[in-house]
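In: Requesting a structural model of the entry that follows:
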Amino acid sequence: MTFYSLNGAHPSERLARQLENDGDYRILRRLPEPDEIWCRSMPLQVPGASMVLGIIDTETTGLDPRQHKMVELAIVKLTIDSGTGDVLCVDAPVSWVEDPGEPLTPEIEALTGLTDADLKGRSFDQEKIRETFSDVDVIVAHNAVFDRGFMAARLPELDRPFACSAREIDWSAHGLEGGRSIAALLTSAGHFALHAHRAGPDAWALCCLLMMTGEGGKTVAWHLLDRARRPTTRVYADNAPYSEKDALRAAGYRWAASSRAWTKEGEPELIGNEVAWLRGLHPAIRPRVVPIDWRSRHAA
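Out: Numbers count the residues shown, from 1 in each chain. Model prediction:
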């Protein structure tokens, strides 16, 4: 996998390559800066031939958008050729912070590096945020259910399709092993990020991963969109007895706390078979089938 990047310009690169060729070392390179990214110079004239991905990250006071608040939002806008996945344009990260009206916990301060002093009296510039998101076709997050929940609670006007880079990319198919966290993926790709766990650097790190060349010579971003925009079907095992939880989990079902039901998502033909299986598993189960697209897939 490679970046659309001007690699090799740094004088230490020769030493790094020498160590790599030794066979006893692995080298981690810093992520490129926005002005070091190579983009295809030929613009597209056909309407709809390009897509703008709004790659976001949030920092929050906790895990539940019904109880906790978003304190930082960052976005990196990445424009790709819809057909080839070529990188046409990538912007530098933009971020905003907001005072939640309550002290941050020591755990959140340690994780993010944010302090109460950083946030005191600050508020999101909603007009600027709306302007920044105005040309975004799809929002990408590494935990879309989490980030979408906080976005919907604080900025419901930013209603866009969502894609999840953790769940909707088979990273191993693109040569990255060792886990799905951004840190693990970067390490597998031979890179490291500065200032991790702040929204801006994390969004930029994810953008860099998506710009890498993946399977078939297309960017990982192209593969993500190809999968994310496919309609699927979700089945809910309503009224499933607690005694059947192990069988459901073994069959690939996940517990959806908001619906209080075990669920499974897939192609319509697959889910049709699941309905019959659920009915045979226990007579109390009432299968419920719902069509899903990238506007509804990651709703809480």
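
In: Could you measure from Thr132 over to Glu168?
Out: Using Cβ to Cβ, to the nearest Å, Thr132 is found at 24 Å from Glu168. C-beta: built from backbone N, CA, C; applies to glycine.

In: neighbour count winner among the two?
Out: Glu168 (21 against 18; other Cβ atoms under 10 Å).

In: give me every residue that touches the more buried one.
Out: 224, 227-228 (Cβ atoms under 8 Å, 6 or more residues apart in numbering).

In: and those, which are buried?
Out: Applying a neighbour-count criterion of 16 or more other Cβ atoms under 10 Å, the buried members of the contacts of Glu168 are 224, 227-228.

In: Now distance to Arg148 and pLDDT too, for these, in JSON lines please.
Out: Shown next, in JSON lines, are the buried ones among the contacts of Glu168 (distance: Cβ to Cβ, whole Å; pLDDT from 0 to 100):
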{"residue": "Leu224", "distance to Arg148": "15", "pLDDT": "98"}
{"residue": "Arg227", "distance to Arg148": "17", "pLDDT": "96"}
{"residue": "Ala228", "distance to Arg148": "13", "pLDDT": "97"}
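
In: Sort out which of the residues you listed are in helices and list them.
Out: With helices taken from DSSP state H, the overlap with these comprises 224, 227-228.

In: helix or strand right after whatever helix or strand Arg279 lives in?
Out: Per DSSP states H and E, Arg279 falls inside helix 268-281. Counting by DSSP H and E, the next helix or strand C-terminal to helix 268-281 is strand 286-292.

In: Can you check what pLDDT the model gives Asn7?
Out: Note for Asn7: predicted pLDDT of 50.

In: cool, Thr2 as well?
Out: pLDDT, read off for Thr2, is 49.

In: Which parts of this structure are strands?
Out: Counting by DSSP state E, the chain has strands at residues 29-30, 50-60, 70-81, 87-90, 94-97, 138-141, 162-164, 191-192, 232-238, 254-256, 261-266, 286-292.

In: what sits against Arg297?
Out: Contacts for Arg297 (Cβ under 8 Å, 6+ apart) come out as 144, 162, 164, 228, 232, 265.

In: Which positions within stretch 157-173 qualify as buried?
Out: Neighbour counts over stretch 157-173 (16+ other Cβ under 10 Å) mark 158, 160-169, 171 as buried.

In: what do you get for stretch 144-152?
Out: 144-151.

In: do stretch 19-29 as well
Out: Arg29.

In: centre of the chain versus it, how much separation?
Out: 29 Å (Cα atoms, centre = their mean, to the nearest Å).

In: Kindly export that stretch (C-alpha atoms) in PDB.
Out: Output of stretch 19-29 as PDB, limited to C-alpha atoms (Å, rounded to 0.1, in the frame of the first residue of the first chain):
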ATOM      1  CA  LEU A  19      17.600  -0.200   8.000                       C
ATOM      2  CA  GLU A  20      14.500  -1.700   6.300                       C
ATOM      3  CA  ASN A  21      16.700  -3.600   3.800                       C
ATOM      4  CA  ASP A  22      18.700  -5.100   6.800                       C
ATOM      5  CA  GLY A  23      15.600  -7.300   7.600                       C
ATOM      6  CA  ASP A  24      15.900  -6.900  11.400                       C
ATOM      7  CA  TYR A  25      14.100  -3.600  11.600                       C
ATOM      8  CA  ARG A  26      10.800  -2.000  10.800                       C
ATOM      9  CA  ILE A  27      10.600   1.700  10.300                       C
ATOM     10  CA  LEU A  28       7.600   3.900  11.200                       C
ATOM     11  CA  ARG A  29       7.400   7.100   9.200                       C
END
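
In: about what we covered before: Lys218 is nearest to which of the strands of the chain?
Out: strand 70-81 (9.4 Å; Cβ to Cβ).

In: Parallel or antiparallel, list what pairs with that closest one.
Out: According to DSSP bridges, strand 70-81 has the following sheet partners: strand 50-60 (antiparallel), strand 87-90 (antiparallel), strand 94-97 (antiparallel).
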